[in-house]
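Student: Fold the following for me, if possible:
(chains A and B)
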Amino acid sequence: MLDCAELAKKLRLGNDADPDGLAIVPEPDIDEIEKGGEASVTLRLGRWFVSLRQSSQTYFDTDIEQAEHKNEAKASKHYFVPFGDQFVLHPGRFVLSSTLEWMKFPPTLGGYVGGKSTWARRGLIIETAAGIHPGFNGCLTLELTNVGEVPIKIRPGMKICQIFLHAIPNGKISSGGLLTGRRRPFLGKIKPDPLLKSLM
Amino acid sequence: MDIKFNTEKKARAFVAQIDRILLSDFPHKASESALNLVRQFFEDQLARITRAGASNDRALLERTCTTTNQRIFEYLPILGFLLRSTNTRNSFEAYYAFVEIAQALIGSGANVIFSSEWDFSPLTYPMNVGVLPEYVLLGMPSSESPNALVLPLAGHELGHSVWRNEQLENKFAPLAQDEARAYLKANWSNFIHAFPEHSHVQSTDEELSNNLFLNFVVSNIMQIALSQMEEIFCDGVGACLFRQSYALAFHYLLAPSLGGARATEYPTMQNRANFIATLGGVDLTKHGFADYKSEFSDLIIRMPPREKFTPDGADAIGVKLAPLMYSEAQTIVMSKAGKFAAEQSAQPGILNKFAKGLPAREPRSLPDIVNAGWAYFQSEAPTFQENERELVEWISELILKSIEVLEFRSRTKNA
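Tutor: This is a model prediction of the structure:
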């Protein structure tokens, strides 16, 4: 895992658009990271939210075919919350959001996103699919759930999560192309799984 | 059922519709406050109907009901516009940037409503909403709402609010009238050809002042010319703020034409394109257009001379005064909102980020971002492989995220 000094170095390289650097826009306070001693970069909450709503769709099928994605779109509702406003996450509710920051990982870095203990202790779960692959580009989609018993007001721009980074020595291959970046949370496509097909 | 009963019913139904819309999730408060103003306006209409009914004056009641019908007719599209301002297909990231520009141009009390139209042309929305004098209504065609490349066209709509706020119609009406009279005198033989029954009239200043029909013709030419001058001014505002991206967005959306007969309140498409190309302050040959004007066409409809005379006069005045309208737009924009206007030197840095798949790190203004977006779009379009992703969608992601970064920096600059 990268320590604070190595994190700061990667972020400075990213600011200078070095292909080996980690670019984050808007950039975090690199001096604070370097001096803070923590081995993570704190990220802020973005302004778009996607909730799953009750609809005529009865389930998400893990064998979903491409044509059925329309049903997923039908089952989701988008919200835009301006800075200064809030989104209330009620107990037991699940909503997708994203980081305010747009990131571009080099092939030599991977990582994990995790919650902030401050929120975790109040019942706010940030992420359940935590891996960030080398070459990731865009805003991270966060899966927010309130597992506590009290509604939580979340505000765009608040510190919501943190990423831990790992070096991939001699990494040259990126998981996604340049054009994969998204600014809003999205459900994503279920990739075809021939092995699963053969088992059914 | 009598007209009072029916009109009250319709006005109450209108208010009930507003109440239903007020239950929506409003991304920005301006739409909600606008709805409340419209609601109060219709509560006042209901009170007027009650008073008129109590007066036992049938003529007064009929006038009041007619006015109420007319206002329902006028304001129903506004309700639709306000409702659509809640739709998340809109490029909401651009809202704050437009509020900053609008407040610089019009005053700190300016409210912006960012919505989408079920009308393809964003340039034809009726801007004079009496109940909402301090509201700037910016509406993109709904099918283009997520396309950040067309954002510069909102500059034209800002222009309408500037025109009203600066009372430019009052300022330029005497000039338009002088020009209309001058046109009539200079084209007297055409006038006689169009209106042979007035061939006995002389084109003297005295006749032009005293002859009722000549006054009518001058007034018609003047009114249409003023409308055209406003449209030209609004293009000037858009071009001054956004420079080349205004021309490029205008071309994307409207070239070669929207078909059908032209509305005479607008200059011809070719004239507008010519003004943008020659007065807009940008050499469009550097942006892929050897002859920008020729990209546009106008449907020529043969009209009898007496119908043609008035719009011809307005067109001639529009052409003559276009440099003045652009100059006026330039003066107002640069004196009040110059810090938001596009700067060519700011574009390469942003374009460099876009080419690396990143949003702008420290953008200066919305127009700089959109100009860089267009530069990226133009450079990539010939070879871009859309099987992975559509180019417009991709560049819109980067533009809108960059605009969000602009807002973030603006809000946190003193933190």
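Student: Would you mind pointing out the helix or strand the residue nearest the centre of chain B falls in?
Tutor: For chain B, the residue nearest the mean C-alpha position is residue B:157 (3.0 Å; CA atoms, centre = their mean). According to DSSP states H and E, residue B:157 maps onto helix B:154-165.
Student: so after that helix, what's the next helix or strand?
Tutor: helix B:168-186.
Student: can you give me the angle that next one makes with helix B:154-165?
Tutor: 90 degrees (axes from the mean of the first three to the mean of the last three CA atoms, to 10 degrees).
Student: Export helix B:168-186 to PDB, keeping only CA atoms.
Tutor: Output in PDB follows, covering the C-alpha atoms of helix B:168-186 (Å, rounded to 0.1, in the frame of the first residue of the first chain):
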ATOM      1  CA  LEU B 168     -32.900  48.700 -25.800                       C
ATOM      2  CA  GLU B 169     -36.100  48.800 -27.700                       C
ATOM      3  CA  ASN B 170     -36.800  52.300 -26.400                       C
ATOM      4  CA  LYS B 171     -33.200  53.200 -27.200                       C
ATOM      5  CA  PHE B 172     -33.300  52.000 -30.800                       C
ATOM      6  CA  ALA B 173     -36.900  52.700 -31.700                       C
ATOM      7  CA  PRO B 174     -36.300  56.300 -32.900                       C
ATOM      8  CA  LEU B 175     -33.400  55.100 -35.000                       C
ATOM      9  CA  ALA B 176     -35.500  52.200 -36.400                       C
ATOM     10  CA  GLN B 177     -38.200  54.700 -37.300                       C
ATOM     11  CA  ASP B 178     -35.800  57.100 -39.000                       C
ATOM     12  CA  GLU B 179     -34.400  54.200 -41.000                       C
ATOM     13  CA  ALA B 180     -37.900  53.000 -41.900                       C
ATOM     14  CA  ARG B 181     -38.700  56.500 -43.200                       C
ATOM     15  CA  ALA B 182     -35.400  56.600 -45.100                       C
ATOM     16  CA  TYR B 183     -36.100  53.200 -46.600                       C
ATOM     17  CA  LEU B 184     -39.500  54.300 -47.800                       C
ATOM     18  CA  LYS B 185     -38.100  57.500 -49.400                       C
ATOM     19  CA  ALA B 186     -35.200  55.600 -51.000                       C
END
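Student: Give me the secondary structure label for residue B:377.
Tutor: Per DSSP: H, G, I helix; E, B strand; the rest coil, the local secondary structure of residue B:377 is helix.
Student: so who does the residue nearest to it when sequence neighbours are not counted touch?
Tutor: Nearest non-adjacent residue to residue B:377, counting by CB to CB, 6 or more residues apart in numbering or on different chains: residue B:395, 5.3 Å away. C-betas here are computed from N, CA, C, even on glycine. Residue B:395 is in contact with B:148-149, B:354, B:373, B:376-377, B:380, counting by CB atoms under 8 Å, 6 or more residues apart in numbering or on different chains.
Student: go on, residue A:139?
Tutor: Residue A:139 touches A:46, A:98-103, A:181-185, B:401, counting by CB under 8 Å, 6+ apart.
Student: Between the residues you listed, which sits nearest residue B:69?
Tutor: residue A:184 (42.8 Å; CB to CB).
Student: tell me the pLDDT at the closest residue to the closest one other than its chain neighbours?
Tutor: Of all residues not flanking residue A:184 in the chain, residue A:48 sits nearest, at 4.2 Å (CB to CB, 6+ apart). You'll see residue A:48 listed with a pLDDT of 96.
Student: got it, and residue B:121?
Tutor: The model's pLDDT for residue B:121 equals 64.
Student: And the next helix or strand past the longest helix anywhere in chain A?
Tutor: Of all segments of type helix in chain A, defined using DSSP state H, the longest is helix A:4-15. Using DSSP H and E, the helix or strand that directly follows helix A:4-15 along the chain is strand A:23-25.
Student: In the helix or strand following that next one, which of the residues would be classed as buried?
Tutor: The element immediately downstream of strand A:23-25 (helix or strand, assigned by DSSP H and E) is helix A:30-36. For helix A:30-36, a neighbour-count test (16 or more other CB atoms under 10 Å in any protein chain shown) marks A:30, A:33-34 as buried.
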